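Chemist: Return a 3D structure for these sequence lines:
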Amino acid sequence: MVSTGTKAIVVVTALSVEYRAVTGHLRNLERVDHPTGLIFERGDLPGSPWQIYVAEAGEGNQAAATLTERAISWLSPRAVFFTGIAGGLKQDLALGDVVVATQVWGYQGGRQETDGLKARPRTWETTFELQQVARLVSRSAWAGRIAPPPEPLPRMHLKPVLAGEIVLDSAQSELGQYLDQHYNGAAAIETEGAGFASAAHLAGGIPFLVVRGISDRADGTKSDSDEAGVQETAARHAAAATMAVIAALVVQGDSGQPEQGHGMGGQQQINRAFGAAAVYAVQNGSQTINHGPRAGDQ
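Modeler: The predicted model follows:
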């Protein structure tokens, strides 16, 4: 296992366009080889303490699961991210918008019976801490990390995401109608999130998050969107959102608590009680109790 302390972050991608979008944010890139032949590039995220390890898994849930498991066991990272593109399933999503997965729904499990397919999905909740950081970032100027600046600016949505092995490009297909009926709450569909989430979940305690830029509408217009360069745009937007979340992530010390200067910013609360008054506990920071002047003191 590589000794990385708590400053390592892993970002997994599936496609070269996603990989380039992520590494474009990093400085001092260097190659790091896993004993099995898996190749990472490690770089610094300017303005943050993190060392980012980036790898390209290739398409599909199995490839994503294998790479993620190896990365976690080898690097013991602070968190792992899957960053890339996806098809949008909702009309309020614009091309180039970013969906941060609150849940990953593996939709292809089921039981086929005479009266139809009975869904038996797998579901993974992404890490609450990272969801909270993403919500914080969504209210900030995170799109300022995108170069060149887009017009209009993309929005960030926190919604469930579907993951299977099928690239959906028809809302009217049998699969499209099935997903709309049984998984109507999903905002996007992709082909790696289930494998990634499963591997992160089985690792136990490693925070994980899926971040996707909308590159098409999964409605038969994918080829047109791809030819127009929307994949590159969506990948850049997803990478920028991911870097914004990473930059806002609290550094943990050896005790697992936020280090001084991070998170709450080392805030101190001072409470003073006089006479028979009482001082109660504080929620954050430290507490100084001043009992006031002693008898005879001025």
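Chemist: May I ask you to name the longest helix in this protein?
Modeler: Criterion DSSP state H: the longest helix present in the chain is helix 230-247.
Chemist: so what does it touch, helix or strand wise?
Modeler: Applying 3 or more Cβ pairs under 8 Å, 6 or more residues apart in numbering; DSSP states H and E, we find helix 230-247 packed against helix 16-23, strand 79-88, strand 98-106, helix 128-138, strand 208-216. C-beta: built from backbone N, CA, C; applies to glycine.
Chemist: Quick one: classify Glu30 as helix, strand or coil.
Modeler: When classified by DSSP: H, G, I helix; E, B strand; the rest coil, Glu30 comes out as strand.
Chemist: Show me what it is bridged to.
Modeler: The bridge-partner assignment for Glu30, based on DSSP bridges, gives Arg42.
Chemist: which residues of the protein fall in helices?
Modeler: Counting by DSSP H, the helices of the chain are 16-23, 61-75, 128-138, 174-182, 193-203, 222-227, 230-247.
Chemist: Which elements pack onto the fifth one?
Modeler: By that I understand helix 193-203. Here helix 193-203 touches helix 61-75, strand 79-88, strand 98-106, strand 122-125, strand 156-163, strand 208-216, going by 3+ Cβ pairs under 8 Å, 6+ apart.
Chemist: before we move on, the earlier item: run the angle between the longest helix of the chain and helix 128-138 for me.
Modeler: Helix 230-247 runs at 110 degrees relative to helix 128-138, counting by axes from the mean of the first three to the mean of the last three Cα atoms, to 10 degrees.
Chemist: buried stuff in helix 230-247?
Modeler: For helix 230-247, the neighbour count (16 or more other Cβ atoms under 10 Å) marks 230-247 as buried.
Chemist: now stretch 134-141
Modeler: In stretch 134-141, counting by 16+ other Cβ under 10 Å, buried: 134, 137-138.
Chemist: returning to that earlier point: for Thr36, find the nearest of the helices of the chain.
Modeler: Closest approach to Thr36 among the helices of the chain (Cβ to Cβ): helix 61-75, 6.5 Å.
Chemist: what residues does the closest one touch?
Modeler: Contact partners of helix 61-75, identified using Cβ atoms under 8 Å, 6 or more residues apart in numbering, comprise 1-2, 4, 8, 10, 12, 14, 34, 36, 38, 40, 53, 55, 57, 77, 80, 82, 106, 163-165, 191-196, 198-200, 202-203, 206.
Chemist: can you check stretch 32-40 too?
Modeler: By Cβ under 8 Å, 6+ apart, the residues outside stretch 32-40 that reach it are 2, 31, 41-42, 53-55, 67, 70-71, 74.
Chemist: List the buried residues of that stretch.
Modeler: Quick answer for stretch 32-40 (16+ other Cβ under 10 Å): 32, 34, 38, 40.
Chemist: go on, stretch 173-180?
Modeler: By neighbour count on 16+ other Cβ under 10 Å, the buried set for stretch 173-180 is 175-176, 179.
Chemist: how much distance is there from it to the middle of the chain?
Modeler: When distances are taken as Cα atoms, centre = their mean, to the nearest Å, stretch 173-180 is centred 27 Å away from the chain's centroid.
Chemist: contacts for that stretch?
Modeler: Residues outside stretch 173-180 that contact it (Cβ under 8 Å, 6+ apart): 89, 107, 117, 162, 166, 168, 170-171, 186, 189, 218.
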